[in-house]
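In: I would like to see how this sequence folds:
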Amino acid sequence: MGIEIDVVVGYPINDEVERVLGLAEAVDEPITVTFMWEGQEKAERAVLVPAATLALWEHWAPTAYPTSGAGEVDQAAPEEPELAHPAEFGPFTLFRRRVGGRTAVARKGVVVAELLDPDEAHWLQEKARNVRQGFMDPKQKAAFEEFLARQASLDDQ
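Out: Numbers count the residues shown, from 1 in each chain. Just a heads-up that it's a prediction; the model follows:
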């Protein structure tokens with residue numbers, strides 16, 4: 001992800017989150033963000049992905065991001081996420097999902113971005129790119145097949 005921003009969040013009154021969300025919406029590309037939430041010792045890293053970019057990645061990615069390490073031994077029991085009210089930062093509202101760990105970012109009732117785990121964001125971006133690079137739309141495919149049909153066979157060359 002191209003842009004990285006570190007944010008110290010003094011919840012509930014801090015316009016830094018609002019500025020970061022506004023910046024992400026303005027640049028219209030994924031931004032890696034590190035949050036230091038007040039009252040927590042551990043930093044939280046996430047990738048803020050604009051909704052249209054995420055939709056494109058999910059369209060092209062052949063499968064969903066693997067959420068569990070099937071076959072791994074000695075796995076810790078999954079931690080049940082705490083149910084929380086939406087967090088408001090200026091015109092933005094954050095809705096943390098209990099399943100999957102994503103956080104939807106909405107402005108005026110419309111989801112404009114999502115906060116994803118950096119590994120999931122990277123995985124989705126790579127899978128989508130790989131599938132998309134191998135895809136030809138029907139017109140392009142027909143033109144390519146026509147081009148190949150006009151080529152001399154290897155025996156004729």
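
In: Val111 - that's part of a helix, no?
Out: No. Read with DSSP: H, G, I helix; E, B strand; the rest coil, Val111 is strand and lies in no helix.

In: quick one: residues contacting it.
Out: Going by CB atoms under 8 Å, 6 or more residues apart in numbering, Val111 touches 51, 104-105. Where you see a C-beta, it was placed from the backbone N, CA and C, and this is true even at glycine.

In: Arg107 now?
Out: 21, 25, 91-93.

In: count the neighbours of Leu116 for me.
Out: 23 (other CB atoms under 10 Å).

In: was I right about it contacting Pro50?
Out: No. Assessed by CB atoms under 8 Å, Leu116 is found out of contact with Pro50, at 11.4 Å.

In: rewinding a little: tell me which two of the contacts of Arg107 sit farthest apart.
Out: The two members of the contacts of Arg107 with the most space between them (CB to CB) are Glu25 and Thr93, at 13.5 Å.

In: rewinding a little: strands - which of the contacts of Val111 land there?
Out: Counting by DSSP state E, the contacts of Val111 place 104-105 in strands.

In: closest to Tyr65 among the contacts of Val111?
Out: Ala104 (16.0 Å).

In: let me know how buried the closest one is, in neighbour terms.
Out: Neighbours of Ala104 (other CB under 10 Å): 16.

In: one step back: format the contacts of Val111 as TSV; extra columns: distance to Ile3 and pLDDT.
Out: Formatted as TSV, those follow (distance: CB to CB, whole Å; pLDDT from 0 to 100):
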residue	distance to Ile3	pLDDT
Ala51	17	90
Ala104	20	88
Val105	16	88
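
In: pLDDT weak spots in this structure?
Out: Applying pLDDT under 70 to the chain flags residues 1-2, 4-14, 67-84, 99-100, 154-157.

In: this structure: helices as residue ranges?
Out: 16-27, 51-60, 118-133, 138-150 (DSSP state H).

In: redo these as TSV? Include distance to Val110.
Out: Below are the helices of the chain laid out as TSV (distance: least, CB to CB, whole Å):
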stretch	distance to Val110
helix 16-27	11
helix 51-60	8
helix 118-133	21
helix 138-150	32
